Structure formats: C-alpha cells, structure tokens
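Trainee: Requesting a structural model of the entry that follows:
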Amino acid sequence: MKTTAILFMLSIICTTVFGQTDKSKRASPPDSVKVTTNDGVTIDIHYSRPSLKGRQIGVDIVKIGEVWRTGANEATTVAFDHDVLVEGEKLPKGKYSLYTIPGEQETIVIFNKTWDQWGTKYDKNQDALRVNVSSETNNLAQEQFKIDVDKSGKIGLLWGDYVLPIQVKSAL
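Mentor: Sure, this is the predicted structure:
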C-alpha cells in the first residue's frame, strides 16, 4: 500500500514538474509569422509575446542601452530562405536569433548565428549582422509584444507605443 501511494505521489509530482509542455499556457505565449515577400524572400519568425502588465518600456523592461532578447522565453528566431539585405546590409540566408539594443532615437537590431537557445544566452561573438534602425511611435498602444511582416519585406516590432520597422529585401 505504501509503495502504491509513493508511486502515485511521484507520478503527480513528475506530471506537474515535467508535464508543463503546453507553451500556449505560458504568461508570454508563443506566436509566429511567415510571409513570402513581393521579391520572393520567405521570412519565418517564431517568438514569445510578453505583456507590459503596467511596466514601462525603457525603465522597468527593455532598458535603454542593454541587450534585449526581443520577446520572451526561448530566443526569437528569424529565418530567410534567400540571401537578404537588412536595412541595406547583406545577410546570408539562414536562421538567426533576434536581439535588440534600444536607444533613445535608434535601436540596434542584431541577427545572431546561435538560434537554438534560451533567449537570455546572448553571445556577441556569434553576431552575424548588426544594423541601426530609427525608433518610431505608434498611436495605438500594444499591451502584448507583437511582430508583423508585410509583403514589402517590412518587419515591425510593436510594443507599448513603440514601433521598430526593419526593412528586408532580396539580395539577388
């Protein structure tokens, strides 16, 4: 009887600890966007969507001058099926993790070669490309972080009243 009770308790504990695989139940749920642009580049992005929850961007979270994982949980990934120009700078086709360093007027957007990792495991030595992008504001505040991509190749990072537009074009 004791052995059965112990095994039952262990199975409940293991289910509780290890059974939390449904990522949609996370506080920052996963999302993705996949678009083929007008010039034939398929952009495939996977990320998690944190919420503001009363916090202020640049003060409480996503601090100015500090590397941000650009999402939550695992590293945000961006894949291109062709060589591309990101803000006019060449980036080979492939899959990358996406990081940003917010600034007052501009944000540094980082494409890092190490993509299969937890988002806070950033290694500057693995950067494939860094570009500066002008930060913009949005009239409609976005409570939950969101990434959009349109057919022109514009990737939009939207959160709070901030918008960060990143232009991607085929390098061909």
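Trainee: secondary structure class for D39?
Mentor: coil (DSSP: H, G, I helix; E, B strand; the rest coil).
Trainee: I'd assumed A171 was in contact with it.
Mentor: No - using Cβ atoms under 8 Å, D39 is not in contact with A171, being 9.8 Å away. From N, CA and C alone the C-beta is placed, and that goes for glycine too.
Trainee: how about the residue sitting nearest the centre point of the chain, what does it touch?
Mentor: For the chain, the residue nearest the mean C-alpha position is T76 (3.2 Å; Cα atoms, centre = their mean). T76 makes contacts with I45, H46, Y47, S48, R69, T70, S97, L98, G119, I147, as judged by Cβ atoms under 8 Å, 6 or more residues apart in numbering.
Trainee: swap the cut-off to 6 Å and go again
Mentor: Residues near T76 by Cβ atoms under 6 Å, 6 or more residues apart in numbering: Y47, T70, L98.
Trainee: Quick one: those residues as TSV, columns for secondary structure, pLDDT and distance to S32 too.
Mentor: Converted to TSV, these look like this (DSSP: H, G, I helix; E, B strand; the rest coil; pLDDT from 0 to 100; distance: Cβ to Cβ, whole Å):
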residue	secondary structure	pLDDT	distance to S32
Y47	strand	97	7
T70	coil	95	14
L98	strand	97	13
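Trainee: which residues of the protein score low on pLDDT?
Mentor: Along the chain, segments meeting pLDDT under 70 span 1-20, 24.
Trainee: Please, where are all the helices along it?
Mentor: Along the chain, counting by DSSP state H, helices occupy 2-18.
Trainee: picking up where we left off before, between the contacts of T76, which is nearest S152?
Mentor: Closest approach to S152 among these (Cβ to Cβ): L98, at 19.0 Å.
Trainee: Name the residues that touch stretch 39-48?
Mentor: By Cβ under 6 Å, 6+ apart, stretch 39-48 touches 28, 30, 32-36, 71-73, 76-82, 84, 147, 149, 170.
Trainee: Give me the helices and strands touching the longest strand anywhere in the chain, please.
Mentor: Longest strand in the chain, counting residues (DSSP state E): strand 154-170. Helices and strands touching strand 154-170, as assessed by 3 or more Cβ pairs under 6 Å, 6 or more residues apart in numbering; DSSP states H and E, comprise strand 84-86, strand 136-149.
Trainee: For ChimeraX, what selects the buried ones among the contacts of stretch 39-48?
Mentor: Listed next is the ChimeraX selection for buried residues among the contacts of stretch 39-48, using 16 or more other Cβ atoms under 10 Å:
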select :28,33,35,71,72,73,76,77,78,80,82,84,147,149
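Trainee: Restricted to strands, list the contacts of stretch 39-48.
Mentor: Short answer: the contacts of stretch 39-48 in strands (DSSP E) are 30, 32-36, 77-80, 84, 147, 149, 170.
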